[in-house]
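# whatever this is, show me its structure:
(one chain, ligands or ions: 2)
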Amino acid sequence: MLQRLALSLRRPHAAPLAPGLRFVSSGSVNVTVPLNFWAGKRRTSQHKCNKEIVYEPATGRVLCHLEPCGALDVDQAMKAAKSAFGHWSKMSGMERARIMIEAAHIIEVRREEIAEMEVVNNGKSITEARLDVDSGRLCIEYYAGLASTLAGQHVQLPGGSFAYTRREPLGVCVGIGAWNYPFQIAAWKSAPALACGNSMVFKPSPVTPVTAVMLAEIYAKAGAPEGLFNVVQGSQDTGSLLCHHPDVAKVSFTGSVPTGKKIMEMASRGVKPVTLELGGKSPLLIFQDSDLENAVRGALMANFLSQGQVCSNGTRVFVQKDILPEFVEEVVKRTQAIEIGDPLLESTRMGALVSKPHLEKVLSFVDQAKKEGATVLCGGELFTPSDPKLKGGYYMTPCVLGDCTDDMTCVKEEIFGPVMSVLSFETEEEVLYRANNTTMGLAAGVFTRDVRRAHRVVENLKAGSCFINNYNITPVEVPFGGFKMSGIGRENGQVTIEHYSQLKTVFVEMGDVDSLF
Ligand SMILES: NC(=O)C1=CN([C@@H]2O[C@H](COP(=O)(O)OP(=O)(O)OC[C@H]3O[C@@H](n4cnc5c(N)ncnc54)[C@H](O)[C@@H]3O)[C@@H](O)[C@H]2O)C=CC1
Ligand SMILES: C[N+](C)(C)CCCC(=O)O
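Residues are numbered from 1 along each chain as shown. Ligands and ions are numbered 1, 2, ... in the order given. Model (predicted):
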């Protein structure tokens, strides 16, 4: 399945990969180059504070040291972005598109190298990391295509007068990313922003600082003006310096709900618009008339991509009572067959979780579920690969929880790990009520062969991204984002142009001023 996806995403002239060739291997990488980037260059921070340690999840080794940016650094990045904005915003959409397309070409050529660094920093499998890089590149290509279509309206008024609207960029946009899709998030945020004529200062998660700066280098190499896309590293202090900076026009954030609330609060002080891509506790509804084979595949795709660390995951799997035993048997069998191990190996399907504290948190959710009466049908345990160099890595076996009920913590809270909760239901009405009974609304899925039921159910699901007979596919042409506390605004698709631009109305008088005075 993933292989098929990978093939369809790879363009024929992509640099061919000699089989087995690797730029890096697990346990062998030390990143020593500076990870900040502004005004066209990698930079070291001038901020004197403790460096943070960044680990390689696959081995637990130290990968690099992060230098958090302080006010002076943030100021310099902002200044560079402001200066690039002056130039970039005056270029035509066609001119901007040429540079973005060039960036996409470079990503294609460097695909393997970027994907491998993503694996080393994040722990996900190389197979998935390649798809993430492809998704980032496709997003840049898609918005390059839209850049030249940005246009206004012409409105005729009495006496030959008229008005027209111009679609203008906002200015310097801030992007703040999470650690689960480091490169893809940087691309998903920068592509629409740049296409509309904005510049960007991006802050990756301090846990995964490595690949966003590669994107910055790529934009610069592609011919972007100095300062168009900048990267400042750090955690919440750096993030809040960005959100409060007076020269920032917009903040786009991906991460948890509690941080999303803080971002919105900070942005509100400057009356700045926000895009928020937050968490979820999404339902997946499997009716007894579904194609069971596809429903099982869908449930695995809904829960185990990126070690389960995906905001849109369908972690509440509601299965209609009559097919529950069959479904559970098949899901458990397939889950147990997932190959866990060195994420840089082609055969690996599940790598390491992002950090030790996160792994511990996910395992404690499994413990809590047991205490609350759920049955562990498989997995949910620490895993130690046989390869000695991986002994210190953050691995666990993917877990399926049975006998779950709606009031359990594992069913109510976002676990953000490879833990699927299976629940049983009887009627459509009942399952819709239970599926919607949450403060989140990022995604939802339904498996059924009944076309009328599929659309009826989707109409009643309170979620921003709904899947019929599939799960967790995010083509960049299609908007992605949440209802309720799962977020504000959308990423991808045409609509996102509206989130990175503003309308100016120009009134033109062709006669005399009809003054009342
Ligand atoms: N829905 C999603 O896509 C994601 C959800 N999560 C959830 O959040 C939990 C915590 O993960 P974190 O990485 O700590 O997520 P987080 O939401 O705290 O961090 C996301 C980004 O926001 C930045 N940030 C944190 N506090 C900030 C502040 N006050 N001002 C400005 N920026 C700030 C972080 O440095 C990071 O770049 C995870 O265990 C998971 O449950 C995490 C990542 C993505
Ligand atoms: C690509 N996909 C659907 C697996 C995840 C995208 C959303 C995220 O950042 O978690």
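# for residue 431, which non-adjacent residue is closest in space?
Among residues not flanking residue 431 along the chain, residue 425 sits closest, at 4.1 Å (C-beta to C-beta, 6 or more residues apart in numbering). From N, CA and C alone the C-beta is placed, and that goes for glycine too.
# mind checking how far that neighbour is from residue 301?
21 Å (C-beta to C-beta, to the nearest Å).
# repeat that for residue 69.
Separation of residue 69 from residue 301 (C-beta to C-beta): 37 Å.
# looking at the two, which is more packed in?
residue 69 (29 against 21; other C-beta atoms under 10 Å).
# quick one, phi/psi of the residue positioned nearest the centre of the chain?
The centroid of the chain falls nearest to residue 185 when counting by C-alpha atoms, centre = their mean (4.5 Å). The phi/psi pair for residue 185 (degrees, to the nearest 10) reads phi -60, psi -40.
# same question, residue 441
Torsion angles, degrees, to the nearest 10, at residue 441: phi -170, psi 50.
# neighbours of the closest residue to it other than its chain neighbours, how many?
Computed as C-beta to C-beta, 6+ apart, the closest residue to residue 441 that is not its neighbour in sequence is residue 483, at 3.2 Å. Look at residue 483: counted by other C-beta under 10 Å, it has 19 neighbours.
# now the residue in the stretch 101-250 of the chain that ligand 1 sits nearest to: how far from residue 263?
Using C-beta to the nearest ligand atom, the single residue of the stretch 101-250 of the chain nearest to ligand 1 is residue 239, 2.2 Å away. Going from residue 239 to residue 263 by C-beta to C-beta gives 8 Å.
# try residue 480
Going from residue 480 to residue 263 by C-beta to C-beta gives 18 Å.
# enumerate the residues of the protein near ligand 2.
180-181, 185, 254, 305, 310-312, 472, 474 (C-beta under 6 Å from any ligand atom).
# restrict those to those near ligand 1?
Within the residues of the chain next to ligand 2, those near ligand 1 by C-beta under 6 Å from any ligand atom are 180, 254, 311.
# out of the residues you listed, who has the most neighbours?
Neighbour-wise, these (other C-beta under 10 Å) top out at residue 254, 27 neighbours.
# quick one: contacts for the residue lying closest to that residue once chain neighbours are set aside?
Once flanking residues are discounted, residue 254 sits nearest to residue 277: 4.2 Å by C-beta to C-beta, 6+ apart. Residues near residue 277 by C-beta atoms under 8 Å, 6 or more residues apart in numbering: 253-255, 311, 480-482, 487, 491.
# from the residues you listed, which land in helices?
If you go by DSSP state H, the contacts of residue 277 have nothing in helices.
# can you put those in JSON lines and add pLDDT?
Formatted as JSON lines, the contacts of residue 277 follow (pLDDT from 0 to 100):
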{"residue": "253", "pLDDT": "98"}
{"residue": "254", "pLDDT": "98"}
{"residue": "255", "pLDDT": "98"}
{"residue": "311", "pLDDT": "98"}
{"residue": "480", "pLDDT": "98"}
{"residue": "481", "pLDDT": "98"}
{"residue": "482", "pLDDT": "98"}
{"residue": "487", "pLDDT": "97"}
{"residue": "491", "pLDDT": "98"}
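# among those residues, which two are most distant?
Within the contacts of residue 277, 255 and 480 form the most distant pair, 15.1 Å apart (C-beta to C-beta).
# for ligand 1, what are the nearby residues on this protein?
Contact residues (C-beta under 6 Å from any ligand atom) of the chain with ligand 1: 176-180, 203, 205-206, 235-236, 239-240, 243, 254-256, 259, 262-263, 278-279, 311, 358, 414, 416.
# ok, whichever residue of the stretch 201-350 of the chain sits closest to ligand 2 - contacts?
Of all residues in the stretch 201-350 of the chain, the one sitting closest to ligand 2 is residue 311 (3.9 Å; C-beta to the nearest ligand atom). Contact analysis of residue 311 by C-beta under 8 Å, 6+ apart lists 178, 180, 254, 277-280, 442, 486.
# and for residue 509?
By C-beta under 8 Å, 6+ apart, the contact set of residue 509 is residue 161.
# pLDDT score for it?
Note on residue 509: pLDDT of 98.
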